Each structure stands twice: as structure tokens, then as C-alpha cells.
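> Got a sequence here, can you build the structure:
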Amino acid sequence: MIEYNSKEDVHNHAKDAIGLSMQEIYEANNRYDVNPKNKHYVGDAFELWMGVEKNSRSEADIADLGVELKATPYKFVKSRRKSDNKQLVSAKERLVLNIINYMDEAKATFDTSSFSHKDKLMELIFYNHNTEKPKTEWTFDEAILFSFPEKDLEIIKHDWEIIHQAILDGKAHELSEGMTDYLGACTKGANKETVREQPFSNIKAKQRAYSLKAAYMTSLLRNYVFGDKHDPAIRKERYETQSEKDTNLIETEEIATANELKHESLDSIILRKINSFKGKSVADLKKEFGIKKTSSSKQLNSIIIARMLGLKGNSANSAEEVQKAGIKIKTIPLNPDNSVKEHMSFPKFKFKELINQSFEDSVFYDELSRRFLFAVFKNLKKDKPTDEEIIFIGAKFWHLPNKDLPIIESVFNDTIATAKNGVHLRVAKNRVYNNFISAKEERIAHVRPHEQKAQYVEGDYSDELPTPAIWENRPDNNDKYDPSGLYMTRQSFWLNSDYIGKQITDILSEID
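Purely as a prediction, here's the structure:
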């Protein structure tokens, strides 16, 4: 065990690990037999470097200084801007903290909670989860001594209260990550059968742990770890130097101040601001906010919502709070009869990656676990309404109820089975139909093309199947169809429009 006299000593020793490979760290400690396939391989290397024995204590790893140690991975993703080939750093996953003991946590306050006791001060070390290299060659790339910035802590306190109240209400089994902004209660166990007792209910709840959401960690990486943003709560430099470099900063705006968050929750502030514009037409909003020509209705809605929140940018995604909470803002257009006009799309998937994923480890599940902000606009005319004929009728936060997950999981698993067994493709009247789950089957979610252009040969709009498709009525010698049957138009999961309609009945009731 290394003796540390201060948190500054802890941080400086962590910084000494920067640039070292996992193999170098293990060998420096006379460990030559460690299996890189062990899922704790990197985290164990960090604890070994820091001189901390592997443990499952309720207190912080370096208990006398209150410092918890965490190694956490990042990855690089392509920028979503089509004109930008830049690779952006992103968190690979949420940062899982401590297991929630529902029985003990029910008796706690925020300041006496297991979260505050263990996780308020952390030495975080970051590594690139590079699948093109063996784990033995992975290196630690940056480290920070992290406590929560004042504003973030106010939001996290509110998140903790939501989790705590669910436990007090005997509803720990209904917890989901979509209920909170920055601090989540993620599932943590060998499988879905890993459950724990909870007070105030005989229903056993899934084992969960406090976690910092992936979106929060991504914001931390881009701004503080590999960017040049500063906060007195976050220390990147060694304690004898003040050098930093700007490598990946993203510009952010703020919706609320730390003082405002002491008196009102983030959700309440956002909804108060947006819903103050209820009843106004898009034409009125464009005039009020000085919005002129835009390239599309989608871009227009994005700008309007940003202006409602007092932001100068063209998207509310520029707000620090939206980025850290990973809030997904969705515009919901209604027909004149109040039915939802469109299904809700999720990111397109690659078939060969999809078939090797379990539902809870999938991108789709991560997206479903996010918090959504629904902004609802009603079209007074069904076809091509003018800006005067589109009315903003309200906004709400929403997260997917746990009770609906099994139905969606069945759609996910059916999609994998269909892809593995060979998708059935049938040509009729110059259109191609498939046997994926459709919206007509009313199973909350379905699969449909993610591209505007159909493509059944290798190209920009298609994806390779794991098993050749089984064709019916495919025209012979037609270059629109690859004879191998290995390509079809890219697909994605969608939530059914009628299901979305049921989630906004409270908004609709206000206009009936």
C-alpha cells in the first residue's frame, strides 16, 4: 500500500501513469500471468499502480483521503456534420459507481448516502478502448482529480432525490436511467435475474448502481479532459504546473445558473421556459425570435426550441445541461385530429454488429434509456400547412417505462433472428417488402428503412447482411439487386407513432 499524505499526492501519482501500457504496469509490479480477457484488466492495472488492493468496500478506495479510483474508457466517433471529417472523443460507456443497497439507502439523506460517502471525490484515469490493439498495449492517456462542479452537484442532488423517493415509495423495481439527468441508476449484475430486496415492497428489484451517464462523461472528456475548459472542482494539471492544451473543446451555453438550480430543478426550469410559449404559431415564434430563412422545418424547430430556452445557437444541443444529461429533444408533429404524424426514429444499425449484441448491451437500449424532451406542434391543416397553421401546444419530459421494455426487447430479438436466418425480401409493384416487425403488428417498436433511397446492392445506402436474403419475385439480370442477396437498405428501429401518441395524452388533454 502506497502512503499518500494528501489528495494532491494521489493525483500526481496517477499522472505518473500517463503513457504507460497495461503490460508495463503489470510487469513493474511483478505480475506476468494476468489474463487480458478479464473484464477488470484495465481497472485492476490502475488500482495496482495506485497501490490499492482490490476491494468492495463501501468507503472510497483511499479511505483516509476520501478518494475513489476509477479507470474509464473513451472512443472516437465521426462528427455528425456531413461537411466535417473530424473525429470526436466520446465516452464509451457510463461510469458505474457503487451498488445501491435499497435497504440502507432508504434511511439516508443525500449527504449521508452511499453515493456521497464514496463518490464525491474521484481520481479518474482515461484510456482509449482501441479494438485494433491488444489490451496489453492500451495506455492511460489522461487523469483528473474530479469533484462535482457547483452547478452539476445541484442537478445530481435532484437526481439522487428522484432515486431515493422511488425507494421510499416501494418502487425500486420501476427505476430506470431515463428518470434522471446526470446521475443514473443503471442495472448492475450478472444478468437480469440479479435482484435485491427493497423496503416498503415485497417485489424484488433489479440490482442497480449509481452511475454518471455516458453523455455526462462525454461532456467531461471534450471540455475538461481533452479540452481547455476550467472549473475549480476539476484538476487536470499536476500540482506543480499549470500547463494545458486545447485539443477538443466544444462551445456550450447554459440554460440555468447554479443559484437558480438551488431553488428549482433543471426539468422545471426547462419546461417553464418552453411552455411559456404554448399556443403560439410557428409564424409568431419566427417573428418573436427574429428567425428568417431556414433550410428545413427540422432546422426551424431546432432553432425555435433553442430560442425558447434563451440560447443563441441554432440547437438546444449546444446547452451544457442538455449535453451532460444526454437529453434527446424530439419534435412531435400532430395531425389535425391529434394523431401523431410520424414514427420516432433511432440510429441506423449494422446487421453484423447487431446480431452479436444482447438487448441491454445494444446502442438501441442505450438510446431508449435516455431522457426525452418532447416538443409538440399541431398542424391545423393536414397537407403542407403554413407557418400560421402550425401551433406549439406544449412540452414534457419522458422516459420509457420499464414495463414496456420486454415488448421492445422481443422486437430486438426477432430482428436478430430474422437477420441470422435470412431476411425474406419480396418484390411487388416495383417495391421491396421484408419480414421484419412492422408498425402494423403494434409491438411498440418496429424496423423500417433509415434511408430515403432504397438500395439492394453494395453502396452508400445499404448494409451487408450476415446471411443472404431469401428473395421472392426478384427480377433476373437487374443491376438494382445484387445476385448474392447480401445487401439491403440500411434499417433502424422506430417507436410506433400511436405509442408516442399515448405518451403525450396529458398535453393533448389541454387542447381538447
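> by contact count, what packs against the helix or strand where F397 lies?
Assigned by DSSP states H and E, F397 belongs to strand 390-398. Strand 390-398 sits against helix 266-275, helix 282-289, strand 372-379, helix 505-509, with contacts defined as 3 or more C-beta pairs under 8 Å, 6 or more residues apart in numbering; DSSP states H and E. All C-beta spots, glycine's among them, are computed from the backbone N, C-alpha and C.
> rerun that using 6 Å as the cut-off
With contacts taken as 3 or more C-beta pairs under 6 Å, 6 or more residues apart in numbering; DSSP states H and E, strand 390-398 sits against helix 266-275, strand 372-379.
> so where is the protein shaky, pLDDT-wise?
Applying pLDDT under 70 to the chain flags the ranges 1, 80-85, 241-251, 295, 512.
> so where's the longest strand in it?
Longest strand of the chain, by residue count under DSSP state E: strand 68-78.
> Check which element follows it along the chain.
Sequence-wise, the next helix or strand beyond strand 68-78 is strand 87-91, with elements assigned using DSSP H and E.
> I270 and P483, how far apart?
Computed as C-beta to C-beta, to the nearest Å, the I270 to P483 distance reads 53 Å.
> Please say which of the two ends up with more neighbours.
I270 (26 against 13; other C-beta atoms under 10 Å).
> For stretch 499-512, which outside residues touch it?
Around stretch 499-512, the neighbours that count as contacts under C-beta atoms under 6 Å, 6 or more residues apart in numbering are 338, 340, 344, 376, 393-394, 398, 444.
> 8 Å instead?
332, 334, 338-340, 343-344, 374, 376, 378, 393-396, 398, 444-445 (C-beta atoms under 8 Å, 6 or more residues apart in numbering).
> Could you do stretch 145-152 as well?
7, 10-11, 14, 67, 120-124, 156, 182, 220, 231, 233-235, 254, 256-258, 261, 324.
> Same question for stretch 188-199.
In contact with stretch 188-199 (C-beta under 8 Å, 6+ apart) are residues 96, 99, 101-103, 106, 167-168, 170, 172-173, 204-209, 360.
> Show me which of the residues you listed are buried.
96, 99, 101-102, 167, 170, 172-173, 205-209 (16 or more other C-beta atoms under 10 Å).
> Now, those residues that are in strands?
Counting by DSSP E, the buried ones among the contacts of stretch 188-199 contribute 96, 99, 205-206, 208-209 to strands.
> Check these and tell me the two furthest apart.
Within those, two members stand farthest from each other by C-beta to C-beta: V96 and A205, at 17.1 Å.
> Mind telling me what element P199 is part of?
Applying DSSP H and E, one finds P199 in no helix or strand.
> how many neighbours does it have?
14.
> do the same with the one 4 residues further on
Neighbours of I203 under the rule other C-beta under 10 Å: 13.
> Distance of it relative to G501?
On the measure of C-beta to C-beta, I203 and G501 end up 30 Å apart.
> Y216 too?
Using C-beta to C-beta, Y216 is found at 31 Å from G501.
> With neighbour numbers in mind, choose between the two.
Taking other C-beta under 10 Å, Y216 and G501 do not tie; Y216 has more neighbours (24 against 16).
> just to revisit the earlier point, deepest of the helices and strands packed on strand 390-398, which one?
strand 372-379 (a mean of 21; mean count of other C-beta atoms under 10 Å).
> Okay, now the sheet partners of it, with direction.
Next to strand 372-379 in the sheet, as set by DSSP bridges, lie strand 328-334 (parallel), strand 390-398 (antiparallel).
> Centre of the chain to it, how far?
20 Å (C-alpha atoms, centre = their mean, to the nearest Å).
> what angle separates that strand from helix 266-275?
If you take axes from the mean of the first three to the mean of the last three C-alpha atoms, to 10 degrees, strand 372-379 sits at 10 degrees to helix 266-275.
> contacts for strand 372-379?
For strand 372-379, the external contacting residues (C-beta under 8 Å, 6+ apart) are 178, 270, 274, 282, 301, 305, 327-336, 338, 341, 385, 389-399, 500, 503-504, 507, 511.
> secondary structure class for L425?
strand (DSSP: H, G, I helix; E, B strand; the rest coil).
> related to what we said a few turns ago, what angle do strand 95-99 and the longest strand of the chain make with each other?
Using the same axes, to 10 degrees: strand 68-78 against strand 95-99 is 150 degrees.
> now strand 68-78 against strand 87-91, angle please.
Going by the same axes, to 10 degrees, strand 68-78 makes 150 degrees with strand 87-91.
> Can you show me the CA trace of the helix or strand containing V42 as PDB?
Element membership for V42, per DSSP H and E: helix 41-50. What follows is helix 41-50, C-alpha atoms only, in PDB (Å, rounded to 0.1, in the frame of the first residue of the first chain):
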ATOM      1  CA  TYR A  41      -8.000  -6.000 -16.600                       C
ATOM      2  CA  VAL A  42      -7.600  -2.200 -17.000                       C
ATOM      3  CA  GLY A  43      -9.300  -1.200 -13.700                       C
ATOM      4  CA  ASP A  44      -7.100  -3.700 -11.800                       C
ATOM      5  CA  ALA A  45      -4.000  -2.200 -13.500                       C
ATOM      6  CA  PHE A  46      -4.900   1.200 -12.300                       C
ATOM      7  CA  GLU A  47      -5.500   0.000  -8.700                       C
ATOM      8  CA  LEU A  48      -2.200  -1.900  -8.800                       C
ATOM      9  CA  TRP A  49      -0.400   1.300 -10.000                       C
ATOM     10  CA  MET A  50      -2.000   3.300  -7.200                       C
END
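> That helix to strand 68-78, inter-axis angle?
Going by the same axes, to 10 degrees, helix 41-50 makes 140 degrees with strand 68-78.
> before we move on, back to that, if any of the contacts of stretch 145-152 are buried, give me the PyMOL selection for them.
Applying 16+ other C-beta under 10 Å to those, the buried members can be selected in PyMOL as follows:
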select buried, resi 7+10+11+14+67+120+121+122+123+124+156+182+220+233+234+235+256+261+324
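> Filter the contacts of stretch 145-152 down to just the ones in helices.
7, 10-11, 14, 156, 220, 258, 261, 324 (DSSP state H).
> just curious, which of those residues is nearest to N356?
L220 (29.0 Å).
> residues contacting the closest one?
Listed by C-beta under 8 Å, 6+ apart, the contact set of L220 reads 91, 146, 234.
> what's the closest of those residues to S410?
A91 (29.2 Å).
> Return the distance of the residue lying closest to that closest one once chain neighbours are set aside relative to P347.
Leaving aside its chain neighbours, A91 sits nearest to M217 (3.5 Å; criterion: C-beta to C-beta, 6 or more residues apart in numbering). Applying C-beta to C-beta, the value for M217 to P347 is 19 Å.
> Compare these two and say which is more crowded by neighbours.
Set side by side, M217 and P347 show more neighbours around M217, with 26 against 11, by other C-beta under 10 Å.
> Tally up the residues packed near V89, please.
There are 19 residues near V89, going by other C-beta under 10 Å.
> beta partners for it?
F76.
> And A71, by the same measure?
The partner residues for A71, given DSSP bridges, come to I125.
> how about the strands of the stretch 351-500 of the chain, start to end?
372-379, 390-398, 424-428, 431-434, 445-449, 462-464, 470-472, 487-489, 491-495 (DSSP state E, counting those that start in this stretch).
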